[in-house]
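Participant: Here's my sequence, what's the structure:
(one chain, ligands or ions: 1)
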Amino acid sequence: MADISPAPSNPPQTGTKPVIVARGVRKHYGSIHAVDGVDLEVQEGELFGLIGHNGAGKSTMFKMMLGLIPVTGGEIRIDGAPVGGAGGDFRTVRRKIGYLPENVVLYDNLTGLETLQFFAKLKGVPARDNVTLLERVGLIHAAKRRVREYSKGMRQRLGFAQALLGKPRILFLDEPTTGLDPEAIRGFYAILRQLKSEGVTMVITSHILAEIQERVDRLAIMAAGKVQATGTVQALREQMDLPLWFSVRVDPADFEAVRAALGHLPVGAIEARDDHVAVQCQRDTKMAVITALATLDGKVRDLTVREPSLEDVFFGFSD
Ligand SMILES: Nc1ncnc2c1ncn2[C@@H]1O[C@H](COP(=O)(O)OP(=O)(O)OP(=O)(O)O)[C@@H](O)[C@H]1O
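Facilitator: Model prediction:
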């Protein structure tokens, strides 16, 4: 996908109007508790991540939020309208929603353009933006080729274009980057940034935690049908109180000097490696470590601090 949408220099702040609200949501299939008492709130214009192991309940949550399957218990409201509720409120809201399912179903005999025409008709939206949409997802060159000839990544791009039909205000994207190459992934997130700057609310699932950790505003970690934690990546890191790692690059002859400088501090492991000393410490000792290293008077050639990754946080909450 072309990186056609640089982030605006002054993006509007994410609103504080809850667009998606789930309260005590459950989905039981007999004895299987696919979703088991989930509370969630996603604000307008937020890019919200939903992560969890296989079978954690993410896709089931999506399907319930979209009104594709009924809840066993609890309630979901989108833009104030109860999902699946009586009356036309949710039907009106539904038109503002775009959805990219985990396994998008496409018709092999249709071309890319015909596919969008087909879905536009189904959604009841004008087909006039279809060419622009194909351009946006980097598929214009294949607009007239049949889907059967598309690669996995091309199918995924077409699925994304389908989700963008009718300029949705709310987007549900279930593992949207599956099959995309690194450049396409970058282009995909550039489009999300652009949509975010336009105030679109998005919920995204992914198993590629490194990919989403810098990109979502907040996320929820699901395990066994329950939300284990919700917040920004940084807030979850702090909540877990996972240690940080310093990498202190010094001449091997100075390894002992590093140890000595840190000797009075409550640091964890201090490990001498090829050309650096790795030091583990809790967040509240971080500044004291930096101050102590500053006394080494020119011996430190470089210093990096590795925060716990989203993967570290994820395993902390979901194991
Ligand atoms: N129609 C169904 N009938 C019975 N069990 C189901 C049904 N749909 C989902 N489940 C079960 O519900 C649980 C949650 O499934 P779900 O597809 O929501 O997980 P997920 O988090 O999306 O997983 P993945 O990351 O593998 O896509 C699983 O144990 C699954 O087997």
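
Participant: any idea where the strands of the stretch 201-319 of the chain begin and end?
Facilitator: Counting by DSSP state E, counting those that start in this stretch, the stretch 201-319 of the chain has strands at residues 201-205, 218-223, 226-231, 244-249, 270-272, 276-281, 302-306.

Participant: Dump these into CSV; add distance to the ligand as well.
Facilitator: Backbone N, C-alpha and C define where each C-beta goes, glycine included. Shown next, in CSV, are these (distance: least, C-beta to the nearest ligand atom, whole Å):
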stretch, distance to the ligand
strand 201-205, 7
strand 218-223, 7
strand 226-231, 11
strand 244-249, 29
strand 270-272, 35
strand 276-281, 31
strand 302-306, 27
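
Participant: can those go into a markdown table with extra columns for distance to residue 94?
Facilitator: A markdown table is the format used below for those (distance: least, C-beta to C-beta, whole Å):
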| stretch | distance to residue 94 |
| --- | --- |
| strand 201-205 | 14 |
| strand 218-223 | 23 |
| strand 226-231 | 24 |
| strand 244-249 | 45 |
| strand 270-272 | 55 |
| strand 276-281 | 50 |
| strand 302-306 | 44 |
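
Participant: Could you dump those strands into CSV and include mean neighbour count and mean pLDDT?
Facilitator: CSV is the format used below for the strands of the stretch 201-319 of the chain (neighbours: other C-beta atoms under 10 Å; pLDDT from 0 to 100):
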stretch, mean neighbour count, mean pLDDT
strand 201-205, 24, 96
strand 218-223, 24, 95
strand 226-231, 18, 94
strand 244-249, 18, 93
strand 270-272, 15, 90
strand 276-281, 20, 93
strand 302-306, 13, 93
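
Participant: Indicate which one of these is closest to residue 92.
Facilitator: Nearest to residue 92 among these is strand 201-205; the distance by C-beta to C-beta comes to 16.1 Å.

Participant: what are the pairing partners of that closest one, and which direction each?
Facilitator: strand 47-52 (parallel), strand 170-174 (parallel) (DSSP bridges).

Participant: For residue 314, see how far away residue 233 is.
Facilitator: Distance of residue 233 to residue 314, computed by C-beta to C-beta, to the nearest Å: 10 Å.

Participant: Ok, residue 70 next?
Facilitator: From residue 70 across to residue 314, the span is 30 Å (C-beta to C-beta).

Participant: the more surrounded of these two?
Facilitator: residue 314 (23 against 10; other C-beta atoms under 10 Å).
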